[in-house]
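In: Have a look; sequence and predicted model below, questions after that.
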Amino acid sequence: MLTVVNALSLFLLISLGLFYFLGLGWLVIGPIFHGSLIKRKNNDSRFIELPIIFISGLIINYGIVLLVQSLKISFIICCILAIIGSFFYSAMLFKTLKQKPLSHNSILKMFGVFLVCGLFLGPILFIPLMEWDARSIWFFHAKMIFSAGTFSQLTGWQNPAVIDFSHADYPNLLPTMAAQISYVMGFWNEYLPKLSLFFLLVPAVSLLFTFTKRSISFLFLIIIIVFSFSPKLWDGHMDGYLALYFAISMLLLGRYYKYSKTIDLFSSLIFLLVLLYFKNEGNLALISGFSSVLFVILFKKKSICLHLLVRKYWKYVAFLIVLLLPFGIWNIYKHQWGLSNDLGIGTNQSIEQLLIRLNDGSFKIILENVYGQLQNSFMLLGFLIIASLLFLNKLDKEILPPLIAAGIYCLGMISIYLITPLNLVNHLNDSVFRTMLSVTACIYIACYYQVVSLENHEK
Amino acid sequence: MANSLKNIYFRFQNRINLILIFLLVVVFAFFAWQLENRVYAIFILSFYIVALFFKQRLHFELIIVPIILFFIFNTLTLEALLLLKKSDLPSIQHPKAELSNLFTPHSGQGVLPSKVLDMISILNKNDVETYKLSEKFSSDIVIYQRIVEGAWPIKPDNNSAFTLIAIDEMDKYKDCITIDEIEDVVLVNCR
């Protein structure tokens, strides 16, 4: 009997959680995309909207917690907003489903998302928190927020032990979500807060299924992006999610480069923006990704004038700026509470360190380590480039955005290793296999586009 | 001059392309060989030669087979799928224990080192709100980080009267009152 009650509680927690974020997101995305909360004007697929709504919901929820600080009050506010949003979303869905029922293809996509996410539910929920960063950083922050019942100075960010090893300056989107889950249940343990990882996985997998085709290339995409580094998606590290979202952003940018659909560009930007809330490396990923976006906008055949783009899509631009607010609030708090990064980027010491490492040959150690991590993706990319040149006599343009982003991100990470005040060898051993995951994922996206063009040529 | 070069290129376009691709393959193979990735160097050269026979029409199988091999040998996909199987199947067949863990307060702490579990137990038992660690425990990075996050909201505080020490450190804390002791962890009050 208890098992049935527990199973039902889990089912309710997941379903209500999904509706909670959808509801919050729809309150903003509905008016922006369709100018209404009930009517759909835009003809874009419902399926591609879903992850955007969900991610917006995640960021809005985090923003409200940051603003209100109290877990209880923020949760009440978010619940009210989510109920209103969910009601309107359901009404819109009911209305549009009447006019345009779900296609066979949509049902298959939903089943695919359900299956892939369901596969991950087991390791996410039934393996306790074990990994170092998960325990010492992400879920420790969650435990701190839950125990204090507030996201404020009282949380304990300034405790010397926390500052010592827990990177108190890291963004807290995941910890806030994990703390809220524990708050709802009223207790802390080492399993249930991990459900927050599942809520990050759902929009990413849903978006990947907008690329559904009955083809080898789609299978390639799912295996290489979701399964090839899947342990990093359930063990509580944020690096896996950083890589996944960064890769998806570049995937969408590639599709925008080819088909020029605004929703792809907008989704790509949202997937880039949310990286700011995952890890500090998200800042670098955002710069790299944004460089790719600029490249695409500037070099598209049908050139677009930037100010015309802003004038036409001002609502989208305004919304993207609003989504940056929690980042601003967190930075203000960090400044007020004296939380700073241990790398000391931009300080005189970091510049001195950079010069020393450039002169003493340390950069060779960095390059060796970085190459060691990227070797496999280079091999696959090299092979597919040769195959494309041999069989198609060309390389597809869609490979450029992910490669540009990967290149800039990689150079940025190398620079960070050059200035690190920590012992270089230890720092590399501890982190390079995680930090290079985003570069690898972007290279795999370039590989995916090559596989697509080789496959299309065969047909 | 430019026109004549253009004409020559268009006349021998296919051959020139093949030579350029061959040079690229050689560069890839050279670097792979230099970086001790000799299997790849041999593979990419062989692929080029084999692909020349299929050049008239793309045989997708020629690409699919290396990709499958890549998945098997160069990614963690298989290991990840095995881990998924190991975690998903038991939880579907016998969900009772897993679901119970999920909804039990403080479950899963068993992953912490036994010494840390003793420390948490001793702190809880004696209703301690803040504590500090002895020199021996502070210098052990595993113990230090795991006790700080594991015992939270009981907070580490250098001004606390309560100190967690190892049993072999008792000599250093002669002036303190022993509050409790589990295995080789001792809680002392040094006020």
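Out: Alright, I've got the coordinates. Remember, predicted model here, so these are calculated numbers, not experimental data.
In: Name the nearest residue to the residue in chain B positioned nearest to chain A, ignoring sequence neighbours.
Out: Closest contact between chain B and chain A, by CB to the nearest CB, is at B:Gly108 (2.7 Å). For every residue, glycine as well, the C-beta is placed using N, CA and C. In space, not counting the residues next to it along the chain, B:Gly108 is nearest to A:Glu190; the distance is 2.7 Å by CB to CB, 6 or more residues apart in numbering or on different chains.
In: same deal with A:Lys394?
Out: Closest residue to A:Lys394 apart from its sequence neighbours, by CB to CB, 6+ apart: A:Ser388 at 6.9 Å.
In: thinking again about what came up before, what is the neighbour count of the residue nearest to B:Gly108?
Out: 24 (other CB atoms under 10 Å in any protein chain shown).
In: Tell me the secondary structure at it.
Out: Using DSSP: H, G, I helix; E, B strand; the rest coil, the structure places A:Glu190 in coil.
In: For it, give me its contacts.
Out: Neighbour list for A:Glu190: A:128-129, A:139, B:107-109, B:111 [criterion: CB atoms under 8 Å, 6 or more residues apart in numbering or on different chains].
In: So which residues on the stretch 301-450 of chain A come close to chain B?
Out: Taking CB under 8 Å from any CB of the partner chain, the part of the stretch 301-450 of chain A that reaches chain B is made up of A:371, A:375-376, A:379-380, A:382-387, A:389-393.
In: correct me, but the residue of chain B closest to chain A touches A:Asn189?
Out: Yes: between B:Gly108 and A:Asn189 there is a contact under CB atoms under 8 Å: 5.5 Å.
In: which residues do these two both contact?
Out: Joint contacts of B:Gly108 and A:Asn189 (CB under 8 Å, 6+ apart) are B:Asn101.
In: Based on its surroundings, how many neighbours for residue 90?
Out: Picked chain A for this. 14.
In: Chain B, not that one
Out: 14.
In: how near is the residue nearest to it when sequence neighbours are not counted to A:Tyr191?
Out: Spatial nearest neighbour of B:Pro90, chain neighbours left out: B:Glu98 (7.6 Å); criterion: CB to CB, 6+ apart. Using CB to CB, to the nearest Å, B:Glu98 is found at 8 Å from A:Tyr191.
In: ok, now B:Tyr144?
Out: 24 Å.
In: Model confidence score at A:Ile321, please.
Out: Listed pLDDT for A:Ile321 reads 90.
In: Low-confidence stretches in the stretch 251-400 of chain A?
Out: A:301-306 (pLDDT under 70).
In: got a list of what residue 158 touches?
Out: Just going to use chain A. The contact partners of A:Gln158, by CB under 8 Å, 6+ apart, come to A:168, A:337-339.
In: Sorry, I should have been clearer: chain B.
Out: For B:Asn158, the contacting residues are A:160, B:132, by CB under 8 Å, 6+ apart.
In: Name the SS class of it, please.
Out: Per three-state DSSP, B:Asn158 ends up coil.
In: does the residue nearest to B:Asn37 when sequence neighbours are not counted sit in a helix, a strand or a coil?
Out: The spatially closest residue to B:Asn37, leaving aside those adjacent along the chain, is A:Gln375, at 6.7 Å (CB to CB, 6+ apart). Put simply, A:Gln375 is helix when judged by three-state DSSP.
In: ok, so of the contacts of A:Glu190, who is nearest B:Lys132?
Out: Minimum distance to B:Lys132 across the contacts of A:Glu190 is 21.5 Å, recorded for B:Gln109 (CB to CB).
In: neighbours of the closest one, just the number please.
Out: 15.
In: Which parts of stretch B:34-48 count as buried, going by neighbours?
Out: B:37, B:40-41, B:43-45, B:47-48 (16 or more other CB atoms under 10 Å in any protein chain shown).
In: Could you tell me which of the residues you listed are located in helices?
Out: Among these, the ones falling in helices (DSSP state H) are B:40-41, B:43-45, B:47-48.
In: Nearest to A:Phe227 among those residues?
Out: Nearest to A:Phe227 out of those is B:Tyr40 (CB to CB; 22.5 Å).
In: So which residue is dead centre in chain B?
Out: B:Leu76 (11.5 Å; CA atoms, centre = their mean).
In: ok, now which ones touch the residue nearest to that one when sequence neighbours are not counted?
Out: Setting aside the residues directly before and after it, B:Leu76 is nearest to A:Ser228 in space (CB to CB, 6+ apart), at 6.2 Å. Contact partners of A:Ser228, counting by CB under 8 Å, 6+ apart, are A:444, B:71, B:75-77, B:80.
In: Who wins on neighbours among these?
Out: Within those, neighbour counts (other CB under 10 Å) peak at A:Tyr444, which reaches 27 neighbours.
In: Just the element for that one, please.
Out: Under the criterion of DSSP states H and E, A:Tyr444 resides in helix A:437-458.
In: Mind jotting down where the helices sit in chain B?
Out: Going by DSSP H, chain B shows helices at B:2-11, B:13-34, B:38-53, B:61-74, B:77-93, B:95-102, B:114-125, B:135-139, B:141-151.
In: Adding mean pLDDT and distance to A:Ile55, write the ones you listed out as TSV.
Out: Formatted as TSV, the helices of chain B follow (pLDDT from 0 to 100; distance: least, CB to CB, whole Å):
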stretch	mean pLDDT	distance to A:Ile55
helix B:2-11	73	49
helix B:13-34	88	38
helix B:38-53	89	38
helix B:61-74	89	29
helix B:77-93	89	24
helix B:95-102	89	26
helix B:114-125	94	37
helix B:135-139	91	41
helix B:141-151	94	28
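In: Show me the one of the ones you listed that comes nearest A:Asn61.
Out: With CB to CB as the measure, helix B:95-102 is the member of the helices of chain B nearest A:Asn61 (22.1 Å).
In: buried ones in the closest one?
Out: B:95, B:98-99, B:101-102.
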